[in-house]
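Enquirer: what follows is a predicted protein model with its sequence.
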Amino acid sequence: MTASLKNKTMSISKILFDSPGKIIIKLDDGRVFITPLKYFPELKTLSVDKRKKYTIVDDRTILFLFSNSVYHLEDFIGLESKWSQR
C-alpha cells in the first residue's frame, strides 16, 4: 500500500517546539505529528524563538522567517516525495 495525502481538507492548525529536539505539528482534525529536528538541520540550528516565527501558507506549507527553505506537511511525516501529488 502506498502512502499519500490526497485529503485536501487536512490542514495545519499549530506548530509547537515544546519537546527539545522535536517539532510538533497539530492538524485541524486533531491529529498530532512529532518529528525529530535532526531531519531538518536548518531548523535545528535556529533558536526556539526563531523557530516560532513561522507562517502557514495554503494550510500545508510552512515558511519560517529565519529559514530560506520551504517546508510542506509531507516533509514532516515521511512523505516528502508526495507533496506535489496533492
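Expert: Nice, thanks for sending it over. Numbering: from 1, shown residues only.
Enquirer: now for Leu27: which residues touch it?
Expert: Neighbouring residues of Leu27 by CB atoms under 8 Å, 6 or more residues apart in numbering: 10-13, 33. Every C-beta, even on glycine, is put in place using the N, C-alpha and C of the backbone.
Enquirer: same thing with Thr35?
Expert: 22-23, 25, 76-77.
Enquirer: one more time with 6 Å, if that's ok
Expert: 23, 76 (CB atoms under 6 Å, 6 or more residues apart in numbering).
Enquirer: so how far is Lys44 from it?
Expert: 11 Å (CB to CB, to the nearest Å).
Enquirer: tell me how many other residues surround Glu42.
Expert: Neighbour count for Glu42, taken as other CB atoms under 10 Å: 13.
Enquirer: hang on, I meant Leu65
Expert: 11.
Enquirer: go on, Ser19?
Expert: 11.
Enquirer: which strand or helix spans the residue nearest to it when sequence neighbours are not counted?
Expert: Spatial nearest neighbour of Ser19, excluding adjacent residues (CB to CB, 6 or more residues apart in numbering): Ile34 at 6.8 Å. Assigned by DSSP states H and E, Ile34 falls within strand 32-36.
Enquirer: just the CA atoms of whatever helix or strand comes next after that strand, as CSV, please.
Expert: Remark: after strand 32-36, the chain's next helix or strand is helix 41-44, criterion DSSP H and E. Extracted in CSV, the C-alpha atoms of helix 41-44 (Å, rounded to 0.1, in the frame of the first residue of the first chain):
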residue,chain,number,x,y,z
PRO,A,41,19.3,20.7,10.0
GLU,A,42,18.4,24.2,9.0
LEU,A,43,15.6,24.4,11.6
LYS,A,44,17.7,22.6,14.2
